[in-house]
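Asker: build me a model from this:
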Amino acid sequence: MTEAHMDQGWAGVPVLVTGATGFIGGALARRLHAAGARVTAQGRRSGATLEAAGLRFVRGDLAERAVAEAAAAGQAYVFHCAALAAPWGPYKAFYHANVLATERLTAELRANLASVRRFVHVSTPSLCFSDQPRRNVRESDPLPARQLTAYADTKRLAEQVVVEAQAAGLPTVRLRPRAVFGPGDATLFPRLLRALARGRLRVIGSGDNLADLTYIDNVLDGFLLAARVPAAVGRVYNLTNGEPQPLWLLIAKVSVLLGYQPPRGRLPLRAALALAYWLLGGRREPPLTRYSVRMLALDATLDLSAAQRDLGYAPRVSLDEGLARFCAWQRKQPHP
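Answerer: This next block holds a predicted model:
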């Protein structure tokens, strides 16, 4: 299915995209606007560029009733992309942004069920991974008994909120896109590029661990399919590029494309975990956390068959093409 085909049928449809001042939410809001949808974009930061493009913008904290009410009123489709996503920070902040905001938004939508056709909740596969390597994780596989970050734990709780809203009559879909990248990415690759620029990145662990990445256009395709396919209601789906590859080979490839020296030398996993523990305790995010160490050293891949079967999801942009597009964009950005 082409992008043009997936973008048909949105003209005049009222749609809310939360977290629209972020990478994923912003890309989705702009795509739906281009498809003719009547987009309301919500964010905690300034939305001047979105407003200049013709989108209605609601600024504020979704955990506040007035903000959630203003954003949710009259919407047919809601894409809940807003979240506090980071490997480090105070639990209270994550709970507020990820759990309380989801509770408030779903409460507003449940009060107006007649107008809501689909609530698409953007979750994370981070809640599937802990301190052991995992390959081809399915949506039905049990989650780890303990989450390693406040982000993953509160996103797990937010999923529970969505499940409860579904039971109360709100038509929902939960999506778990993995390691999203592309032009506009300000989190995933920029963290690595800053380490590469300083010559501080070492291969952690064996260096042959597999990872999934997902190009932004493919993620947006998955979102739009999940919003329209009847069989998706009440379900949860993994989204990836479907091309698991050795993570450190990918990092080396990006390094070469952007003119950086690829990572040199190795740091054993146990030593990296000890270093991350030693770095804890400051007021700023440490350069290594125990979670980021594990994600850099352990297998972390997802099974894509449910999205392929139910949604007809088929990534259109290959990993190599996506990396080439990202690097072309990144070369035009200020030095990290």
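Asker: surely Arg56 meets Ala37?
Answerer: No: counting by Cβ atoms under 8 Å, Arg56 does not reach Ala37; the two are 11.0 Å apart. Where C-beta positions appear, they are placed from N, C-alpha and C, glycine not excepted.
Asker: element containing Lys155, please.
Answerer: helix 150-167 (DSSP states H and E).
Asker: dump whichever helix or strand comes after that helix to PDB, keeping only the CA atoms.
Answerer: Scanning forward in sequence from helix 150-167 by DSSP H and E, the next helix or strand is strand 172-177. Backbone C-alpha positions of strand 172-177 (Å, rounded to 0.1, in the frame of the first residue of the first chain) are rendered in PDB as follows:
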ATOM      1  CA  THR A 172      -8.400   1.800  21.400                       C
ATOM      2  CA  VAL A 173      -5.200   0.500  19.800                       C
ATOM      3  CA  ARG A 174      -1.800   0.300  21.500                       C
ATOM      4  CA  LEU A 175       1.300   0.600  19.400                       C
ATOM      5  CA  ARG A 176       4.900  -0.100  20.400                       C
ATOM      6  CA  PRO A 177       7.300   1.400  17.800                       C
END
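Asker: buried sites along strand 172-177?
Answerer: Thr172, Val173, Arg174, Leu175, Arg176, Pro177 (16 or more other Cβ atoms under 10 Å).
Asker: widest-spaced pair of these?
Answerer: For those, the farthest-apart pair by Cβ to Cβ is Thr172 and Pro177; their separation is 16.1 Å.
Asker: nearest spatial neighbour of Ala168, chain-adjacent residues omitted?
Answerer: Arg110 (5.7 Å; Cβ to Cβ, 6 or more residues apart in numbering).
Asker: and for Leu275?
Answerer: Leu288 is the one closest to Leu275 (Cβ to Cβ, 6+ apart), at 6.1 Å.
Asker: surely the one you found is within a helix?
Answerer: No: Leu288 sits outside any helix when classified using DSSP: H, G, I helix; E, B strand; the rest coil, being coil.
Asker: for the helix or strand hosting His121, packing partners?
Answerer: Here His121 sits within strand 118-122, counting by DSSP H and E. Applying 3 or more Cβ pairs under 8 Å, 6 or more residues apart in numbering; DSSP states H and E, we find strand 118-122 packed against strand 77-80, helix 101-110, helix 150-167, strand 172-177, helix 216-228.
Asker: for the most centrally placed residue in the chain, which non-adjacent residue is closest in space?
Answerer: Taking Cα atoms, centre = their mean, the centroid of the chain lies closest to Pro177, which sits 5.4 Å from it. Of all residues beyond its chain neighbours, the one nearest Pro177 is Leu239 (4.2 Å), with distances taken as Cβ to Cβ, 6+ apart.
Asker: residue contacts, the one you found?
Answerer: Leu175, Arg176, Pro177, Arg178, Thr214, Asn218, Val219, Gly222, Leu304, Ala307, Tyr313 (Cβ atoms under 8 Å, 6 or more residues apart in numbering).
Asker: was I right about the fifth one contacting Val180?
Answerer: In other words, Thr214. Yes: proximity of Thr214 to Val180 meets the contact threshold set by Cβ under 8 Å, at 5.1 Å.
Asker: compare those two (neighbour count), which wins?
Answerer: Shown here are Thr214 and Val180; by other Cβ atoms under 10 Å, Thr214 has more neighbours (28 against 23).
Asker: so who does the more buried one touch?
Answerer: Here Thr214 is in contact with Pro177, Arg178, Ala179, Val180, Phe181, Leu239, Thr240, Asn241, Pro315 (Cβ under 8 Å, 6+ apart).
Asker: show me these that map onto strands.
Answerer: Pro177, Val180, Phe181, Leu239 (DSSP state E).
Asker: nearest to Leu296, of those residues?
Answerer: Once Cβ to Cβ is applied, the member of the ones in strands among the contacts of Thr214 that ends up nearest Leu296 is Phe181, at 15.3 Å.
Asker: looking at the sheet around that closest one, what are its partners?
Answerer: Tyr215 (DSSP bridges).
Asker: against Ala168, how distant is it?
Answerer: Applying Cβ to Cβ, to the nearest Å, the value for Phe181 to Ala168 is 35 Å.
Asker: now swap in Ala328 and tell me
Answerer: Separation of Ala328 from Ala168 (Cβ to Cβ) stands at 46 Å.
Asker: dump stretch 86-101 to PDB, restricted to CA.
Answerer: The C-alpha trace of stretch 86-101 is given here as PDB (Å, rounded to 0.1, in the frame of the first residue of the first chain):
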ATOM      1  CA  ALA A  86      14.200   9.500  28.800                       C
ATOM      2  CA  PRO A  87      16.400   6.900  30.400                       C
ATOM      3  CA  TRP A  88      16.900   9.000  33.600                       C
ATOM      4  CA  GLY A  89      14.900  11.400  35.700                       C
ATOM      5  CA  PRO A  90      12.600  11.600  38.800                       C
ATOM      6  CA  TYR A  91       9.800   9.000  38.800                       C
ATOM      7  CA  LYS A  92       7.200  11.700  39.800                       C
ATOM      8  CA  ALA A  93       7.800  13.600  36.500                       C
ATOM      9  CA  PHE A  94       7.300  10.400  34.400                       C
ATOM     10  CA  TYR A  95       4.200   9.400  36.300                       C
ATOM     11  CA  HIS A  96       2.700  12.800  35.800                       C
ATOM     12  CA  ALA A  97       3.400  13.000  32.000                       C
ATOM     13  CA  ASN A  98       2.800   9.400  31.100                       C
ATOM     14  CA  VAL A  99       0.100   8.100  33.500                       C
ATOM     15  CA  LEU A 100      -1.900  11.100  34.800                       C
ATOM     16  CA  ALA A 101      -2.000  12.700  31.300                       C
END
